[in-house]
Structure formats: structure tokens, C-alpha cells
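Chemist: Coordinates only, no sequence provided:
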Ligand SMILES: [Zn+2]
């Protein structure tokens with residue numbers, strides 16, 4: 001028999017479930033993903049190289065990658081450098097990182113006075129770690145721009161410091177790890193396979209929404225379905241067509257692999273970027289191949305386009 005206490009208990013339980021559901025549902029209008037660069041490294045089209053910007057409540061908050069040209073798109077977006085909470089690098093190839101020095105120099109003329117954390121993978125024979133990348137750009141002793149040393153030197157006077165953090169990349173440790181959190185944002189990363197180059201994928205959670213980024217990867221470590229599970233938006237790099245052979249297919253995902261990941265992770269919307277000559281004119285074929293495993297919306301964004309999750 002139901003007593004008053006049972007009913008009260010049930011009502012409280014329902015309230016709790018409802019509040020969990022509200023906390024978990026995506027507050028889409030508060031969050032925006034903007035494309036700062038949807039191209040690859042080629043010199044052939046008007047697209048900037050890779051870069052993405054996440055806005056929260058109309059404030060630019062998170063930058064993912066800083067490929068050449070993406071800084072110009074950042075300026076065009078109306079974002080304020082002082083509002084950026086952190087910069088994340090998927091890897092340190094030129095087409096993902098060459099504009100960092102431009103951000104740092106430009107930031108000298110901004111109102112920024114809060115330290116800026118920067119995240120990226122560890123290095124190997126072919127590529128520097130996040131810490132070394134920053135040091136070799138800006139340090140007085142070994143940097144290519146030694147005059148910008150105050151931005152990283154704790155002893156020097158500057159409005160803010162760039163604070164690099166190296167995230168361990170590995171072929172063996174394949175569990176996603178949380179790398180960043182503040183009051184609103186949580187960022188998780190996982191190692192991905194990009195040939196011999198250390199590279200990371202990221203999952204960004206904010207206001208109950210999830211936006212994930214594959215970065216450049218071949219899919220061989222199979223870490224993306226877990227990382228991107230249930231994402232509202234997945235930005236996947238479509239740098240090659242299905243018939244790619246040799247080195248390109250060791251570095252990048254074929255369309256069928258993108259489809260399998262999006263289908264397995266049940267992502268709500270798929271955005272295809274990092275377009276190159278070998279993929280940009282094959283979009284119908286790409287969509288058909290992805291459709292074998294994934295039935296959600298598939299979009300090919302242009303630079304500066306924005307998406308609510
Ligand atoms: Zn790339």
C-alpha cells in the first residue's frame with residue numbers, strides 16, 4: 001500500500017530524473033561551432049587550412065587548430081582574442097599550426113590579460129611536442145621569434161602567458177582522457193593514427209552539447225567511435241576519396257571509415273572538412289559511401305559558416 005512517504009519519495013525521484021534530463025539536454029542556442037578553415041594544406045582554393053572556433057553565449061571560447069589563413073577567418077568572425085579560454089592542437093603539421101605565431105603577435109594588441117592554456121600531442125622523430133613547438137617558436141634562447149619570449153617566460157613582463165601542455169600520444173594507451181575543464185567546458189582527447197605523426201582527436205562538452213573533432217587520422221586505432229559517442233556534431237576530415245592508395249590512405253580516413261565511425265557513435269550531424277583536390281569534387285560519391293553506415297545529416301561547410309549543435 002502506498003503511504004504518503006512513498007508518494008513523496010516517488011515525486012522526488014521523478015523531479016531528480018527530470019533535472020538530470022534537463023542538465024544533459026543540449027542547450028543548442030547557447031553554443032555555436034564556427035569554421036575558421038575547411039581546407040587542407042594545398043594552395044589551390046580559397047579555403048583556409050584547418051581551424052575551428054566554439055562560441056558560448058556569443059563569446060568566442062575555444063580554438064581547435066590554427067592552420068594558415070584561419071587567423072584571418074578568426075578576425076572576420078568578430079571573435080575577441082581576450083575571450084579565448086584555451087587553444088587545442090590536433091597535431092603540429094603546418095596546415096594545423098602555422099598561424100599560432102600570428103595569434104600570439106596579434107594578441108599583443110588585444111585586451112587579453114588572462115593566461116592562455118595551449119594543448120597538443122607529444123612529439124616524436126618527425127614532429128615536436130606542444131611544449132617544444134611553443135619553445136622553438138618563442139623562446140629567447142632557441143625560438144624563431146625570440147622577441148616574443150615574454151609571452152612564455154615567467155620572469156618577463158607581459159599582459160598574459162601562453163601556457164603549453166603536452167598530452168601523451170601513444171599507439172598503446174587508447175582510452176580517452178580528460179585534458180581540460182572549467183566551469184562550462186570539458187575537453188577529452190584520445191590518440192589517433194595519422195601515419196607516423198602523433199595526433200589527437202577531441203571531444204568538447206559544453207551546455208549539455210557535445211562537439212567532436214577527428215583531426216587528421218586514418219582510423220587504424222579505432223579510438224573515435226568511443227570518444228565521439230552521441231556527439232551532436234562531429235567534424236570529420238575528408239581529405240581523400242575511397243580509391244586512395246599509398247601514403248594518403250595511411251594518413252587519412254576513407255569515406256567508408258568516416259561512415260562507420262559516425263554510424264557506430266550515433267552522431268547527430270556530420271560535418272566534412274579538410275577538403276582537398278582529391279576529395280572536393282567527389283562529394284556525391286563520398287555521401288553515398290558514408291550512407292552505407294550512417295543515415296544522419298552530412299554537410300560540407302564553408303569557411304566562416306556556423307552551426308548550433
Ligand atoms: Zn591536415
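Modeler: Sure thing, it's come through. No experiment lies behind these values; they were computed from the predicted model shown. Numbering: from 1, shown residues only.

Chemist: Show the end-to-end separation of stretch 158-178, please.
Modeler: For stretch 158-178, the first and last residues are 29 Å from each other (C-alpha to C-alpha, to the nearest Å).

Chemist: Just the element for residue 263, please.
Modeler: Using DSSP states H and E, the secondary-structure element containing residue 263 is helix 255-265.

Chemist: which strands and helices sit next to that helix?
Modeler: Under the contact definition 3 or more C-beta pairs under 8 Å, 6 or more residues apart in numbering; DSSP states H and E, helix 255-265 sits against helix 224-227, strand 233-237, strand 270-273, helix 283-291. (C-beta placed from N, C-alpha, C; glycine too.)

Chemist: Of all those, which one is nearest residue 126?
Modeler: Closest approach to residue 126 among the helices and strands packed on helix 255-265 (C-beta to C-beta): strand 233-237, 18.9 Å.

Chemist: and that closest one, which strands flank it?
Modeler: strand 209-213 (parallel), strand 270-273 (parallel) (DSSP bridges).

Chemist: ok, for residue 123, nearest residue in space, not its chain neighbours?
Modeler: The shortest distance from residue 123 to any non-neighbouring residue, by C-beta to C-beta, 6 or more residues apart in numbering, is to residue 129 (3.7 Å).

Chemist: who touches that neighbour in this structure?
Modeler: Contacts were defined as C-beta atoms under 8 Å, 6 or more residues apart in numbering; by that measure residue 129 touches 120-123, 166, 198.

Chemist: try residue 271
Modeler: 33, 233-236, 299-301, 307.

Chemist: And residue 106, by the same measure?
Modeler: In this structure, residue 106 makes contact with 71, 81, judged by C-beta under 8 Å, 6+ apart.

Chemist: What residues of the helix or strand hosting it count as buried?
Modeler: With the criterion set as DSSP H and E, the secondary-structure element containing residue 106 is helix 100-107. By neighbour count, and taking 16 or more other C-beta atoms under 10 Å as the criterion, the buried residues in helix 100-107 are 100-104, 107.

Chemist: Next one: residue 44, what pLDDT does it get?
Modeler: Per-residue pLDDT puts residue 44 at 86.

Chemist: Any figure for the gap between the residue nearest to it when sequence neighbours are not counted and the ion?
Modeler: Leaving out its chain neighbours, the residue that sits closest to residue 44 by C-beta to C-beta, 6+ apart is residue 277, at 5.8 Å. Separation of residue 277 from the ion (C-beta to the ion, to the nearest Å) stands at 14 Å.

Chemist: If you tally nearby residues, what's the number for residue 277?
Modeler: Using other C-beta atoms under 10 Å as the criterion, residue 277 is surrounded by 11 other residues.

Chemist: And the residue of the stretch 201-309 of the chain found nearest the ion, how close does it get to residue 127?
Modeler: With C-beta to the ion, the shortest gap between the stretch 201-309 of the chain and the ion falls at residue 216, namely 4.3 Å. Separation of residue 216 from residue 127 (C-beta to C-beta, to the nearest Å): 12 Å.

Chemist: how about the strands paired with strand 233-237 in JSON lines, adding mean pLDDT and distance to the ion?
Modeler: Putting these into JSON lines (pLDDT from 0 to 100; distance: least, C-beta to the ion, whole Å) gives the following:
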{"stretch": "strand 209-213", "mean pLDDT": "98", "distance to the ion": "12"}
{"stretch": "strand 270-273", "mean pLDDT": "98", "distance to the ion": "10"}
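
Chemist: which parts of this structure sit against the ion?
Modeler: Within the chain, the residues that sit near the ion (C-beta under 5 Å from the ion) are 95, 216.

Chemist: quick one, helices of the chain?
Modeler: Assigned helices in the chain, in chain order: 4-24, 70-77, 94-97, 100-107, 130-138, 224-227, 246-251, 255-265, 277-280, 283-291 (criterion: DSSP state H).

Chemist: From what I see, the residue nearest to residue 44 and residue 42 are in contact.
Modeler: Yes. Assessed by C-beta atoms under 8 Å, residue 277 is found in contact with residue 42 at 6.2 Å.

Chemist: What is the end-to-end distance of stretch 186-202?
Modeler: 10 Å.

Chemist: and what of stretch 267-284?
Modeler: Comparing the first residue of stretch 267-284 with its last one, the separation is 20 Å (C-alpha to C-alpha).

Chemist: what comes up buried for that stretch?
Modeler: So stretch 267-284, judged by 16+ other C-beta under 10 Å, has buried residues 267-276, 278-280, 282-283.

Chemist: Among those, which one lies nearest to residue 54?
Modeler: residue 271 (12.9 Å).

Chemist: Roughly how far does the closest one sit from residue 39?
Modeler: Here residue 271 is placed at a distance of 14 Å from residue 39 (C-beta to C-beta).
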